[in-house]
Structures are given as structure tokens and as C-alpha cells.
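Colleague: sharing a model prediction with you, sequence too.
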Amino acid sequence: MSTFARVSFSVVRFVIRISSMMSAELGARLAYPLFARVGPRLAVSPAHAATHESARKVTAVVRGREVVTYEWGEGERTVLLVHGWRGRASQFSRLVRELRYEGYRVVSFDAPANGDSPGRRTSILDYVATIRMLDERYGGFDTILGHSFGALAAISATAEGVRTGRLIAVAGVSGPDYLCAQFIRIAGLPAEIEPALGKQLLRQVFNDDSTLMARYSALNNPLPGTPLLLIHDEDDAVVSIQQSRLVADAHAPASRLVATRGLGHNRILNSDRLLDEVLDFVRVGPTAEVLAK
């Protein structure tokens, strides 16, 4: 973050704090644009550039938004990778290479306002709609893997009827309510505005429909018929491992949680431990009943 950006954010945070003293609702209204904006785009790292450039790219339109999609390999079994907030498909480059070597076709996308897809904002609705579009394009998946916010999207999409033989959630969140608490903590804003910020989220994204919002919770919609592997680092400073513990409990007995140490929130994606766990999990293969949904 540049010096100007840091100063600007400090000023905005000060204004939100002062406003929150007068009214939590006012503070939440001022905070919501920051909460909803994805922020600076993550660049493709040099280590991931070759994999990124080798993908077959197609731009689709989902919910009126342009979404860049990626495809690697020609295998009969397809794995979908879903990045998190302010992420991009290229973050999965090492996993893409390993899966291709194993004979899988790998697909992914940059959600609106992320990576190479245009825009400034996105939501769980954009993610799930994109996953549904890819489900129609490829006729279902052997496995869907999601990271962070993408893990919630993967579970939600499967609950909405997207076809997959199994799910992998890496450093995932359990639902929209946690996103509000996480944002307030990271941004250093008053905890008192959390309920009001949740109401803003409900209004802006879900049209004040609490039933609709509840559909995008990994806790409210267990999937006992879909094997779920959760991988989360004990030292994750962005999303607490407690989130994965809650999701694992909600999806028992079909779930299994693997806890790691020292890998954090993003480095875990390129770790040997994650690669080993993922490859062992996907090699089992999907059940015919799931793919026949």
C-alpha cells in the first residue's frame, strides 16, 4: 500500500470511528463501501507466470459481469479451483501443474473485480453464479477446491445443485456473518458496528432477504453425501481455524479436517502438505451417484 493510500485509509477510518460514536448505523453505512470493495488487484507472481500464460482463456458474462475463465489440460476428470477475496486463479499454479501431471483437466476463473476480470466489487452471488455457469459448461466436476472466500462459494454452489464428486475447503470461512467480523478486526474499526454492518450486507447483497442470505452459509446447508476435505493452518492470521472446525462439524460424518502449522493463509496454497493431501483425496475418484445428480 502506498503512503498516500495509507494516509487516505487512516483518514477514512478516523471518520468512521467518529461517526460510530454518534450512530452505529451511520458508521456501518460509511464502512460498507470499504467492506464491499475488493481493493488493489493481486498481480501474477513471476513464479506463476508460465502457468498463467499457458491457460486457455475465455471471457464469459455472468450476472452482467465479465469473468475471465481458465482451462489447462485435456483430462476426462475435471477439477475446479476457486480463489478467495482479492485473489486470482494463478495463485493455484503449483496445484494446476500437479493435477495436469496426474491427467486432470483443471479449470478456474478470476471473479469480477479480481485478477484479470474488470470491476471494483463482487459478492458471493457472483462467485456461485460463475461456478454454476462452469458446471453447465463442463457437465459437472470431479472435485471443487476453494480457498478462503472461495471455499464458502464452493460449498454454497454445491448446496445449490452444482455437480461435484467431492469438495476441498482451504482456509475457508463459514458464512457471510464472519466476513463482517473479520473486516472490522482487520480494518481496526469499532466492534460495535458489526451488527449494523451485517444489516448493510443483508440489504446491499441479499435485498433484505435473510432466507436468501442463510442459503450462503456453510453451516446451514450440510452436504452429508459429498466428501469434504478441509485444510487450515493453525497460524492463519486472516481466517481462524475455528471456522473450519465449525464447518467440519456441520458436515460430519463426510468431512475431515487437516490442521497444518507455519503455513499461514496464502502460503498454504503452494505447500507440499496441501499438494499431498489434495492429490490423495482426488485420486479416490467421485461416486457415480453424485455425478448423476
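Modeller: Cool, got the structure.
Colleague: and the helices in the stretch 101-250 of the chain, which stretches?
Modeller: Secondary structure of the stretch 101-250 of the chain (DSSP state H, counting those that start in this stretch): helices at 124-138, 149-159, 176-187, 194-206, 210-214, 241-250.
Colleague: contacting residues for residue 271?
Modeller: Residues in contact with residue 271 (CB atoms under 8 Å, 6 or more residues apart in numbering) are 260, 263. All C-beta atoms are positioned from the backbone trio N, CA, C, and that covers glycine.
Colleague: distance check, it against residue 259.
Modeller: For residue 271, the distance to residue 259 equals 13 Å [CB to CB, to the nearest Å].
Colleague: repeat that for residue 222.
Modeller: As judged by CB to CB, residue 222 and residue 259 stand 21 Å apart.
Colleague: same check on residue 34?
Modeller: For residue 34, the distance to residue 259 - CB to CB - is 32 Å.
Colleague: repeat for residue 203
Modeller: 36 Å.
Colleague: repeat that for residue 28.
Modeller: Distance from residue 28 to residue 259, counting by CB to CB: 34 Å.
Colleague: likewise for residue 191?
Modeller: From residue 191 to residue 259 the distance is 27 Å (CB to CB).
Colleague: all strands for the chain, in order.
Modeller: Using DSSP state E, the strands found in the chain span residues 56-62, 65-72, 78-82, 105-110, 141-147, 164-170, 228-233, 255-260.
Colleague: buried ones in the first one?
Modeller: Going back to what we said before, that points to strand 56-62. residue 62 (16 or more other CB atoms under 10 Å).
Colleague: still on that earlier bit, so which of the strands of the chain is nearest residue 157?
Modeller: strand 141-147 (7.4 Å; CB to CB).
Colleague: now the angle from that closest one to helix 149-159?
Modeller: 140 degrees (axes from the mean of the first three to the mean of the last three CA atoms, to 10 degrees).
Colleague: out of residue 34 and residue 259, which sits in the more crowded spot?
Modeller: For residue 34 versus residue 259, neighbours defined as other CB atoms under 10 Å are more numerous around residue 34 (15 against 12).
Colleague: what's next to stretch 59-69, contact-wise?
Modeller: 57-58, 107-112, 115-119, 122, 125-126, 129-130, 133-134.
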